[in-house]
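Participant: output the structure for:
(3 chains)
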Amino acid sequence: MAEKIKQNPKQSIISCLIIAALVIIAVAIGFKQNYFTQFNADIADAANETEKAVFLTDSLFGEGFAPAAGVENYNSDNLYEKIDGKADLYLTNGFLSLQTCRFAENSSLENWAEVYFYDMGKPENAFAVYSTQKRSDAASLNWTQFGYSVSDSVYVMFGKYYVEIFLSAEDGKLLNSAESAGKRISSAVSAGKSDMPLMDVFPTENLVADSFKFISADAFGCSDLKNIFTSKYNIGDKTITVFLSTNAPAETYDKYYRFLLDNGGEELAHGLTVKNCKAVNLFGSIELFFYTDKYFAGVRGETEIENLRPIAEKLFKKISND
Amino acid sequence: MTDENKISRRDFLARAAKAGVSVAAFSAAAKLLCESDVRKMLPMPEIFTGFKDYSVPAMAGKTMSIVSGADRTQTVSKAIELLGGIDRFVKPGETVLLKPNVGFARPARIGATSHPDIISEITRLCYEHGKAKKVYVMDNPINDPASCFELSGISAAAAKSGAEIILPRENLFRPVSLKDGKLIQNWPMLYEPMKRVDKVIGIAAVKNHARSGASMTMKNWYGLLGGGRNNFHRDINTIIVELATLVKPTLVILDGTDVMMTNGPTGGSVSDLKKTDIMIAGCDQVAVDAFGATLLDMTPQSLPYLIRAEELKLGTTDYKALKPLYAEVKA
Amino acid sequence: MKITAARKLSQVFFLTLLVWLCVVETLGTKFFQLRGWPVNIFLQLDPLTAIATAVSTHKLFAPLLWSLATIILTILLGRFFCGFVCPFGTLHQFVSYLAHKNKTAKELIAIHQYHKTQNIKYYILLVFLIAAALPSVQNLQIGLLDPLPLFTRTVNILLLPIADNVGNVLSATDRLYKTAPLVLAVFLIFTLLNFILPRFFCRFICPLGALFGLLNRFSIWRINRNSKCTDCKMCNKRCQGYCQPSETIKLSECLLCCNCLDDCKFDAIDFNTASSNTIQSEPDLSRRGVLAAGFTGLLAMPAFKLIAAPNSEQIVRPPGALSEQEFAKRCIKCGQCMRICPTNVIQPCGIENGLTNLWTPTMNNRMGTSGCQLDCVACGYICPTSAIRPLTLSEKLGKGNFADKGPIKIGTAVIDHAKCLPWAFGVPCIVCQENCPVSPKAIHIKTTESGLQLPYIDSGKCIGCGICQHECPVSGDSAVVVKPFGQTREKN
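Facilitator: Got it, this is the predicted structure:
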């Protein structure tokens, strides 16, 4: 019976408008569903990332200080923007992320401290950048395993993190605040003692405290010797050096041997009962080195080979069991 | 037809105008009320930091008095007199709040609550010699408040002497925070009456207390707390010290006439009480409690809250150094 | 094309949309999961939610600003929402059509008569708004009858679980909700009432319809009857609003179903801007009725609270729930939090928690798949009125900037020594300790001399997630129960 009514143009127009509105709503909703609700993204993040903890909290410097600006985040793509040429050192050592934040004293804003918080992925990497940059004259911090301060900055590593705090001035009070901030980060990170399996490989007997070092390139003048950890030992009145690297290219052993001979070294009988071992005398400096599938290691010092042999043997035994 | 059209047109315009105004009104209201962060919508809790200082200037040698005697009316009167009389503490026209311990709905004779005689005598002194404008009596008891005031005899004593009882009504509590306090943070307390009065006199009895060792004048401020305060019993020494930091009283009265030696703080029988016939008044609540501890056969050093209070310089546990004034009232 | 055809299309569209938006409330990024679907849009368009929460909180939560669009369109056009959008209305209209399709025109005209009793919905609206406005006993109960929360709740905790539990497409495990029978009863009653009179709920009960009836009095466009009318009364035949287009049209009741445009054979009814004396724009409200409703509103809440209401503070609410008083001013019982909760642990309260708390969310750790999931803050983000406020993960877990505040506590677990296997029966069992997800664990073990391990709870570390309660092997009620004490809820 509805057909009897003549089609009313007004009704048609209104109907079209209604349908147009429905289409617009449908399109808008279709569009909207592509923009994920924030928490949906958050939860996906939580599922994908093991832990994205924030250590640069507003209260990091305690009362009397506040962040002068927000936390800046850097990744391997834009690290140069923040630290320029120094970025290479970090990038070649497994750099993951950098967070920085500047904290200013509430009472006088020109007193500030800027925290650089590097996530290096592994303690070894953090140690590498820490030890490479360590000033030999700096005072070690007594409250942490690896840390030192100079008059206007504090440098610490905790587990896989490396932290630098730069101060606006040489100011004892500010330095104390920076150290407390370091302690707060330390407890937030709760890394405890930095667990670096590589360092446990070094024999502990006669070890010179605080002598661990990382050399990222051109170790001992050899361009093929890269990314090695070294440590000093006192044998009698002489100081010798033990070095160790993991995952070095297999040819490192040969290249180093060639390097020593090319520079006037003479091969010696090493008298050790281990495979893949060589001894070279380079103008009085004796080099004993050795490799396994996993390690390239050695002992060097300006002393008799007899003095190097026990420690070398100890080290070689340890790593060949690995 | 044209007339009708005109009317219709005018009517339509009026309607359209009203619709427009409605739309504008709703939009304006929405804009005015709109808030995207729910935390900003929540009423900001008004947090009060502490009470005012009710204490009076110290007078050398007149910080603490100890009076022996069995009659509380006489001993408390004498104890206050030794300290310089009530007019040292209460100035004409001032309002005074008495804070007795009215914790339990039990008769006065078992000693679980402050004795009504003390209330009436101090009220009398305040009015007659201090020329106080008004004396209030307040506590937040453990048992039903109205019953506590009735059964302890304090209601009657207050009515007789003209003091006004303030029951712990809901609207008198305000959240209070103690600076650097661990427990008293944003915690409901009887803030409103405390804010209004000029002087505060704490009145407590010496009682054995299972959790803290002894309940005396410092522990008495517990009766200013509201909320689920019994949680604080886990850390009783801290809460007592925080309360004593928070409240700087004009005067405290410690009643050692009958000391509750056992089954405190409720007691329940006169056999829990020991007759020692001592009344203490003082401006230093730590010293007064330190002396009170000796009535319970304890040393002040055995009560951790006294040691901590002394460390915080709230008072001294070495009450002898204050050279208390002694007197005796014979019946 | 006739307007009624467009209307039916619109009704089907919005009913489907509401159901679809309930379907997609599963965390995830597939097209049928949450993504960015505007799952709260109906509740946000609902002016009653906005006005009632504004009345109770004196503020308007920003997402509810959408309702302004509905309000403005209603002021200009009339009750288009009832006729074209409301999914609950659509359902009623469809059921009514089925129920009454065999009736003759005469019978239909008879049952579609306007009657004064249909104004009862205005009084219902007034009762709820006054109850919401009362200071100190502020309590928002509009969600009981507001059709959008009501229907959303019905779909969320009744219809979808019934549908999905057959095939477990949306959820791997069956979704179960505690008070579903009561939701079913309400839903069935309102649906079956359509057999007595078409769109019964819309006509007599709907407080949202009543609100629109108050808003549309100045509407620019309206249904008008002109002088071509022959008084055949056919226009009343399928009138969905019972606004009697054949007589003086009750504008406040007209919900723009436009059936009268179709049913009039004489072109006597039109949708236009004309003013006419055959229109009554305000509802038939008596002063006495308004006063009575006002009184009822004043008394309703205190009375509601007295009826078997234990202390509401005793209810364990989802993480981020505001303080009970502020929560009660906002919760519209829509069930969105219960739907989104990935573990199904958020459950509707029954009447045992007091009438005012009916269908408000609580944590029932014995139900669902596993207590409150640590790395999840979904309920706070979905809550349309922010009764549960959005938390970030770091705030919930007390990390980063919230490290000094510590994690959000939902409650504190307590062990019932009379049921606990090692405590009561000496049987070795430390399932609760093993499953405690916080680090360091909030449940620790002390070993007796005989070697029996006894669980103890560290109330300071416990966050009340309820995983222990869920996992406890004791049958029936768990031997470890999350109680509401210690919960982090905004104090005020």
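Participant: number of nearby residues for the closest residue to A:Ser151 other than its chain neighbours?
Facilitator: Nearest residue to A:Ser151, sequence neighbours excluded (C-beta to C-beta, 6 or more residues apart in numbering or on different chains): A:Glu170, at 4.4 Å. Yep, even glycine has a C-beta here, placed from its N, CA and C like the rest. By other C-beta atoms under 10 Å in any protein chain shown, 11 other residues sit near A:Glu170.
Participant: and A:Glu170, how far from A:Asp119?
Facilitator: 29 Å (C-beta to C-beta, to the nearest Å).
Participant: for A:Phe158, same thing?
Facilitator: 11 Å.
Participant: go on, B:Gly162?
Facilitator: 73 Å.
Participant: quick one: which of those two has more around it?
Facilitator: Taking neighbours as other C-beta under 10 Å, B:Gly162 and A:Asp119 compare with A:Asp119 leading, 20 against 14.
Participant: pLDDT value on residue 221, please?
Facilitator: No chain specified, so I'll use chain A. Turning to A:Gly221, the model gives it a pLDDT of 78.
Participant: sorry, I should have been clearer: chain B.
Facilitator: B:Trp221 carries a pLDDT value of 93.
Participant: spatially nearest residue to it (excluding sequence neighbours)?
Facilitator: Of all residues not flanking B:Trp221 in the chain, B:Leu243 sits nearest, at 3.9 Å (C-beta to C-beta, 6+ apart).
Participant: domains of chain A?
Facilitator: For chain A, automatic domain parsing gives the domain ranges A:55-189, A:199-320.
Participant: SS state for A:Val156?
Facilitator: strand (DSSP: H, G, I helix; E, B strand; the rest coil).
Participant: quick one, helices of chain B?
Facilitator: Listed in chain order, the helices of chain B (DSSP state H) span B:2-33, B:38-41, B:72-82, B:86-89, B:116-128, B:145-151, B:154-161, B:191-196, B:217-220, B:236-246, B:285-295, B:304-311.
Participant: what's the neighbour count on B:Gly315?
Facilitator: B:Gly315: 24 neighbours (other C-beta under 10 Å).
Participant: if you could redo that for B:Thr262, that was the one I meant.
Facilitator: Using other C-beta under 10 Å, B:Thr262 has 12 other residues around it.
Participant: C:Ala300: which of the domains of chain A is closest?
Facilitator: Across the domains of chain A, C:Ala300 has its closest neighbour in domain A:55-189 (46.0 Å, C-beta to C-beta).
Participant: quote the end-to-end distance of that closest one.
Facilitator: Taking C-alpha to C-alpha, to the nearest Å, domain A:55-189 runs 7 Å from one end to the other.
Participant: now it, how far from the chain's geometric center?
Facilitator: 12 Å (C-alpha atoms, centre = their mean, to the nearest Å).
Participant: and if you look at stretch C:464-484?
Facilitator: Offset of stretch C:464-484 from its chain centre (C-alpha atoms, centre = their mean): 28 Å.
Participant: which residues of the stretch 201-322 of chain A fall in strands?
Facilitator: Counting by DSSP state E, counting those that start in this stretch, the stretch 201-322 of chain A has strands at residues A:213-215, A:228-235, A:238-246, A:266-268, A:277-282, A:285-291, A:295-301.
Participant: out of the ones you listed, which gets nearest to C:Asn364?
Facilitator: Set against C:Asn364 and scored by C-beta to C-beta, those come closest in strand A:238-246, at 53.0 Å.
Participant: A strand includes the residue nearest to A:Ser151, no?
Facilitator: No. Counting by three-state DSSP, A:Glu170 is not part of a strand but coil.
Participant: these two touch, right, it and A:Asp152?
Facilitator: Yes. When contacts are counted by C-beta atoms under 8 Å, A:Glu170 is listed as touching A:Asp152 (4.7 Å).
Participant: could the strands of the stretch 201-322 of chain A go into a markdown table alongside mean pLDDT, distance to B:Ile7 and mean neighbour count?
Facilitator: Output for the strands of the stretch 201-322 of chain A, formatted as a markdown table (pLDDT from 0 to 100; distance: least, C-beta to C-beta, whole Å; neighbours: other C-beta atoms under 10 Å in any protein chain shown):
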| stretch | mean pLDDT | distance to B:Ile7 | mean neighbour count |
| --- | --- | --- | --- |
| strand A:213-215 | 78 | 95 | 20 |
| strand A:228-235 | 84 | 99 | 20 |
| strand A:238-246 | 85 | 97 | 20 |
| strand A:266-268 | 83 | 121 | 12 |
| strand A:277-282 | 84 | 115 | 20 |
| strand A:285-291 | 84 | 107 | 23 |
| strand A:295-301 | 86 | 103 | 25 |
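Participant: noted, bye for now.
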